[in-house]
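Undergrad: let's see this in three dimensions:
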Amino acid sequence: MSLHFSKKEFSIRKNKTIEAMKNNHLDAILMFRQESMYWLTGYDTFCYVFFQTLVMDKDGNTILLTRAPDLRQAENTSNIEYIRIWVDRDNSNPVDDLKIILDELNLKKKKIGVEYESYGMTGRNALKLNKSLENYCHLEDQSELITKLRVVKSEEEIIYVKKAAQLADLALEEAWKNAKVGASESKILAEMNRVIFEGGGDYPANEFIIGSGKNALLCRYQAEKQILSNPDQLTIEWAGTFKHYHSAMFRTIPIGKANKRHHKMHEACVEALKNCEKKLVPGNKVGDVFDAHAKTFDDLGFNKARMNACGYSLGATFSPNWMDWPMLYTDNPYVLETGNVFFMHMILMDSNNQLAMNLGETYLLNEDGNERLGKKKLDLVIL
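TA: Sure, this is the predicted structure:
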């Protein structure tokens, strides 16, 4: 086995999960989120795109139901002892195999939590599960039970998060080095990814966002790759990733020269980020952080250019998305704790003038407030 955490760490996580199940009066939980399986057992795969579930009962017994290609994957990357394979065939229903496992664990007529909020739990899989088990047991949506346990990072996890932050800094250096008039976005992406992989990093859970010109106003990856003009603007959002742990950053870089409004937008982003930093401390609510973001931009006249969320938790996540729970939006009641890791992004998209400005950093909450994990300057860099 190739486990990224100590036996003690996995034992603590399992005990926390059992306690949470007890508090929710659950007899078992069906995990469909790959993040939950990875956190609880070390199991590392992308087989969650098919029907796959890790069953754990209130006594801590765990059985994985997966496909044949992931038998060795589970044996080599996790501490799961009992692995069952469902066979690919036309019109197969893996829930039939799941029922056998539930019978072995004496879970008929019992209360079972399900992680419905999962990329692997497609609508079709949910329909199969609910229909096949409707008279067998009582199913309850418990999508966030383990997610809420993962939101506070342990000391072992923080080591990986900080390594991811170092890789993100190296990628920013490559962006500054390669972004110039006449440069290709493809080359910039290639060099940023190169230093992350050479540093021992992983694929991120979603693609880096990159765009110049009008595409600098996009908040999602898209396939068009452009050559930087003079003048131009380049938006990049990326993450250093290590053992699936992410540390994200966000920048807009004027190319050739900056528009006067670029400077004002950047000043607003810095001010908003600093005001959010003051609120991102243990004891405050997540919604308080967003409200500081919104007030700063609104007071400076950027209400129509800002977003309705300003960040989210980060951790060990899998494709297609590195965003984790909870998100920074107004009235979010989650109370911040020491050990939280949050990416805060200050995004301004001025559609009228076709100008963008973005600034984003990842923070670790501690007893003193927070620590910015990226160590690079926040200045407006013009290349």
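Undergrad: give me the most central residue, this protein.
TA: In the chain, the residue lying closest to the centroid (CA atoms, centre = their mean) is residue 322, at 2.7 Å.
Undergrad: ok, that residue to residue 206 distance?
TA: Applying CB to CB, to the nearest Å, the value for residue 322 to residue 206 is 5 Å. Quick note: C-beta positions are derived from backbone N, CA and C, even for glycine.
Undergrad: flag the shaky bits of the chain, pLDDT-wise.
TA: In the predicted model of the chain, residues 1 satisfy pLDDT under 70.
Undergrad: what about the helices in it?
TA: 7-23, 34-41, 71-77, 94-104, 123-133, 145-150, 155-178, 185-198, 260-279, 286-299 (DSSP state H).
Undergrad: so which of the ones you listed is the most packed in?
TA: Across those, the average number of neighbours (mean count of other CB atoms under 10 Å) peaks for helix 34-41, which reaches a mean of 24.
Undergrad: what's that one packed up against?
TA: Applying 3 or more CB pairs under 8 Å, 6 or more residues apart in numbering; DSSP states H and E, one finds that helix 34-41 contacts helix 7-23, strand 53-57, strand 62-66, helix 145-150.
Undergrad: and it with strand 62-66, angle?
TA: Comparing the axes of helix 34-41 and strand 62-66 via axes from the mean of the first three to the mean of the last three CA atoms, to 10 degrees yields an angle of 140 degrees.
Undergrad: which residue lies farthest from the center of this structure?
TA: Farthest-from-centroid check, the chain (CA atoms, centre = their mean): residue 135, 35.7 Å.
Undergrad: ok, that residue - contacts?
TA: Counting by CB atoms under 8 Å, 6 or more residues apart in numbering, residue 135 touches no other residue.
Undergrad: ok so, going back, could you find the closest non-adjacent residue to the residue nearest to the centre of the chain?
TA: Leaving out its chain neighbours, the residue that sits closest to residue 322 by CB to CB, 6 or more residues apart in numbering is residue 205, at 3.9 Å.
Undergrad: burial of the one you found, as a residue count?
TA: Neighbour count for residue 205, taken as other CB atoms under 10 Å: 21.
Undergrad: pretty sure it contacts residue 317?
TA: Yes - contact criterion CB atoms under 8 Å: residue 205 and residue 317 qualify, at 4.5 Å.
Undergrad: which residues are common contacts for the two?
TA: 244, 246.
Undergrad: any idea how far residue 295 is from residue 303?
TA: According to CB to CB, residue 295 stands 10 Å off from residue 303.
Undergrad: just how off-centre is stretch 107-115 within its chain?
TA: Relative to its chain's centre, stretch 107-115 lies at 28 Å (CA atoms, centre = their mean, to the nearest Å).
Undergrad: do you know how far residue 294 is from residue 237?
TA: Taking CB to CB, one finds residue 294 at 20 Å from residue 237.
Undergrad: what of residue 23?
TA: Taking CB to CB, one finds residue 23 at 37 Å from residue 237.
Undergrad: cool, residue 138 as well?
TA: For residue 138 relative to residue 237 (CB to CB), the value is 42 Å.
Undergrad: give me the more crowded residue out of those two.
TA: residue 237 (24 against 13).
Undergrad: report the beta-bridge partners for the more buried one.
TA: Under DSSP bridges, the beta-bridge partners of residue 237 are residue 209, residue 250.
Undergrad: correct me, but it touches residue 360?
TA: Yes - between residue 237 and residue 360 there is a contact under CB under 8 Å: 6.6 Å.
Undergrad: hang on, the earlier thing: format the helices of the chain as a markdown table; extra columns: distance to residue 251.
TA: Shown next, in a markdown table, are these (distance: least, CB to CB, whole Å):
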| stretch | distance to residue 251 |
| --- | --- |
| helix 7-23 | 34 |
| helix 34-41 | 27 |
| helix 71-77 | 34 |
| helix 94-104 | 44 |
| helix 123-133 | 37 |
| helix 145-150 | 28 |
| helix 155-178 | 7 |
| helix 185-198 | 11 |
| helix 260-279 | 10 |
| helix 286-299 | 17 |
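Undergrad: quick one: which of those is nearest residue 374?
TA: helix 155-178 (5.7 Å; CB to CB).
Undergrad: understood, closing this out.
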